[in-house]
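> just the structure for this:
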Amino acid sequence: MRYYSTRNRNEPYGFASAVVRGLAPDGGLFVPEEIPHFRPSAAASLDKMTFQDIAYETIRPFVTDEIPDAVLTGIVESAFTFDAPLKPVGSRFMLELFHGPTAAFKDFGARFMARAFAYFRRNESRPLKILVATSGDTGGAVAGGFYQVEGISVTVLYPKGRVTPLQERQIAGLGGNIDAIAVEGSFDDCQRLVKTALGDTELNKQLSLSSANSINIARLVPQAVYYAAAAGALKSRRAAAPFVFCVPSGNLGNLTAGIYASKMGAPIDLFIAASNDNKTFPEYLAGENYTPRDSIATISNAMDVGAPSNFERLSSHWSADELRRMILGASINDDDTKAAIETVYRQYDYILDPHSAVGWQAVTRLCEKGVLKDGGGAYTVLSTAHPAKFAHVVEPLTGAVKPPPCLEEAMKKTAHSITIPAEYGAFKAVLR
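Sure thing, here's the model as predicted:
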């Protein structure tokens, strides 16, 4: 499998080169030359295979000739030591992606990526510095995934005052090879600083830099796994068609991974991109021009993205008409997000985090508008984080939320970070 920049189809890269570079030299994102298909035997057995076997079958065609089969098996078994259960809630399903070590869906991509980096750099002596911008959960997952990985350090940038205290402890509480920078600005500012550094020729002569956001293809590909596994689980339960997956959406990496899984052969009929008040992508899906803008702070902070990077990847694969046929869009404000948390808890005794609540309410909104038929298919909402990560929002609506042990441990940590203005000169000085 070869990879190309979204801005240049003339220069091919292997998977390892694309992963270690993170961002293409021209500033584009790496995309595969084609989206592969599942082997027929695998496509027919998604309802019977283990999660780890589905992970192997999903990732294998993307890394052919770069990661030997035996090594890939070891990476998969080491990275995916937790489940992604599909829970019925009323007439819908919740795909719980928060059972990993940082209680967020980012664990799937971060843990695979850390092990892939370690394998690709097994013979390198020069240290590698990973740069990652986060609006909340990515930073903690990447920090945890790369913590104490030999020869690799991580610098996490997060918007000062716009992440929860728990998220900040997960980002800035590890120490060791993990550094944290609080940026006086938005997630979009953090993302801009990372992209500028990765494209800085002078800086890259001094330091070996790479990325760990969903701009990195190694973060995105493993996220396709849980879509394939969930579609297989729906099939095994003889769920009613169509299979519709609602994805709480910020930087659009998770959504892109889902479409990859669908194009590989997972039985998924339609996607919903559920956004908060940062509605750049839903407006585009509704027929408007794509217009990035500054992000707005909301209670679903991990989705506070006004200029989603993976739009470039999506639009390099598919035309506007194709995207609008595959994806429905909806934006949900904070009041409606809180109402969804309260209603679902009262009716079903199930607790949503704010991001999952945006997804739930998006399905409700589309049913109310008649775009979807209520109960007219297997509507699956991705539950992207444990509600205890957002206790300050959730508990006034539901009462106490018991945190899992990994979050209890994180709350004991002390956050250590430095603060910089949202200026590249300040960031570059810190890196040097």
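> show me where the stretch 51-200 of the chain has strands.
Under the criterion DSSP state E, counting those that start in this stretch, the stretch 51-200 of the chain contains strands at 86-89, 92-96, 128-133, 152-159, 178-184.
> quick one: the third one to strand 178-184, angle?
Per axes from the mean of the first three to the mean of the last three C-alpha atoms, to 10 degrees, the angle that strand 128-133 makes with strand 178-184 is 30 degrees.
> ditto for the longest one
What separates the directions of strand 152-159 and strand 178-184 is an angle of 20 degrees, with the same axes, to 10 degrees.
> hmm, back to that, JSON lines for the strands of the stretch 51-200 of the chain, including mean neighbour count?
C-beta: built from backbone N, CA, C; applies to glycine. Below are the strands of the stretch 51-200 of the chain laid out as JSON lines (neighbours: other C-beta atoms under 10 Å):
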{"stretch": "strand 86-89", "mean neighbour count": "16"}
{"stretch": "strand 92-96", "mean neighbour count": "23"}
{"stretch": "strand 128-133", "mean neighbour count": "24"}
{"stretch": "strand 152-159", "mean neighbour count": "24"}
{"stretch": "strand 178-184", "mean neighbour count": "21"}
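> out of these, which is closest to Ile259?
Ile259 sits nearest to strand 92-96 of all those, at 15.6 Å, using C-beta to C-beta.
> partners of the closest one, with directions?
strand 86-89 (antiparallel), strand 378-383 (parallel) (DSSP bridges).
> how about the strands of the stretch 51-200 of the chain, which one is nearest Met326?
Ranking the strands of the stretch 51-200 of the chain by proximity to Met326 (C-beta to C-beta) places strand 92-96 first, at 18.4 Å.
> distance from that closest one to the middle of the chain?
17 Å (C-alpha atoms, centre = their mean, to the nearest Å).
> quick one: Met1 and Pro36 touch, right?
Yes - Met1 sits in contact with Pro36 when judged by C-beta atoms under 8 Å, with a separation of 7.0 Å.
> name the residues contacting each of these two.
Common contact partners of Met1 and Pro36 (C-beta atoms under 8 Å, 6 or more residues apart in numbering): Pro61, Phe62.
> lowest average confidence, helix or strand, in the chain?
helix 137-146 (a mean of 85; mean pLDDT, DSSP states H and E).
> what is that helix packed up against?
helix 106-120, strand 128-133, strand 152-159, helix 165-172, strand 178-184 (3 or more C-beta pairs under 8 Å, 6 or more residues apart in numbering; DSSP states H and E).
> between the last one and helix 137-146, how many degrees?
Inter-element angle recorded for strand 178-184 and helix 137-146: 170 degrees (by the same axes, to 10 degrees).
> for strand 178-184, which strands pair with it and how are they oriented?
Sheet pairing for strand 178-184, assigned by DSSP bridges, gives strand 152-159 (parallel), strand 418-421 (parallel).
> which of these sits closest to Tyr260?
Shortest separation from Tyr260 across the strands paired with strand 178-184 is recorded for strand 152-159, at 25.4 Å, computed as C-beta to C-beta.
> CA atoms only for that closest one, dumped as CSV, please.
C-alpha atoms of strand 152-159 as CSV (Å, rounded to 0.1, in the frame of the first residue of the first chain):
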residue,chain,number,x,y,z
ILE,A,152,10.3,9.0,22.1
SER,A,153,9.2,12.1,23.9
VAL,A,154,5.8,13.8,23.6
THR,A,155,4.8,17.5,23.8
VAL,A,156,1.0,18.0,24.2
LEU,A,157,-0.5,21.4,23.5
TYR,A,158,-4.0,22.2,25.0
PRO,A,159,-6.1,25.3,25.2
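> and that strand, what's its mean pLDDT?
Average pLDDT, strand 152-159: 93.
> tilt between that strand and helix 106-120?
Put simply, strand 152-159 runs at 150 degrees to helix 106-120, going by the same axes, to 10 degrees.
> and Phe271, helix, strand or coil?
Of the three states, Phe271 takes strand according to DSSP: H, G, I helix; E, B strand; the rest coil.
> for stretch 110-128, measure first residue to last.
For stretch 110-128, the first-to-last residue distance is 16 Å (C-alpha to C-alpha, to the nearest Å).
> got a list of contacts for that stretch?
With C-beta under 8 Å, 6+ apart as the test, stretch 110-128 has contacts from 16, 19-20, 59, 63, 67, 71, 75-76, 78-80, 100-101, 130, 138, 141-142, 144-146, 149-153, 208-210, 212, 216, 218-219, 221-222.
> which of the residues you listed are buried, as a ChimeraX select command?
What follows is the ChimeraX syntax for the buried subset of the contacts of stretch 110-128, where burial is set by 16 or more other C-beta atoms under 10 Å:
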select :16,19,20,59,63,67,75,76,79,80,100,101,130,138,141,142,144,145,146,149,152,208,209,210,212,216,218,219,221,222
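> restricted to helices, list the contacts of stretch 110-128.
Judged by DSSP state H, the contacts of stretch 110-128 include 16, 19-20, 59, 63, 71, 75-76, 78-79, 138, 141-142, 144-146, 218-219 as members of helices.
> got a list of what Leu23 touches?
Taking C-beta under 8 Å, 6+ apart, we find Leu23 in contact with Leu29, Phe30, Lys195, Leu198, Gly199, Ser211, Ile215.
> give me the three-state assignment for it.
What three-state DSSP gives for Leu23 is coil.
> list the residues that contact the residue nearest the centre of the chain.
Central residue of the chain (C-alpha atoms, centre = their mean): Asn254, 4.5 Å from the mean position. Contacts were defined as C-beta under 8 Å, 6+ apart; by that measure Asn254 touches Phe105, Ser214, Gln223, Val247, Pro248, Leu382, Thr384.
> pLDDT below threshold where in the stretch 151-300 of the chain?
The model of the stretch 151-300 of the chain has no residue with pLDDT under 70.
> gap between Val89 and Ala357?
According to C-beta to C-beta, to the nearest Å, Val89 stands 12 Å off from Ala357.
> so what sits against both of these two?
Listed as contacting both Val89 and Ala357 by C-beta under 8 Å, 6+ apart are Val344.
> and the strands paired with strand 178-184: which comes nearest Lys338?
Nearest to Lys338, of all the strands paired with strand 178-184, is strand 152-159, at 22.0 Å by C-beta to C-beta.
> next, the angle helix 165-172 makes with the closest one.
Angle, strand 152-159 to helix 165-172, by the same axes, to 10 degrees: 150 degrees.
> just to revisit the earlier point, what's in contact with the least confident helix or strand of the chain?
Helix 137-146 is contacted from outside by 100-102, 104-107, 109-111, 113-114, 117, 130, 132, 134, 152, 154, 156-158, 163, 167, 170-171, 174, 177-178, 180, 212-214, 302, 384-385, 389, 410, using C-beta under 8 Å, 6+ apart.
> all set, thanks.
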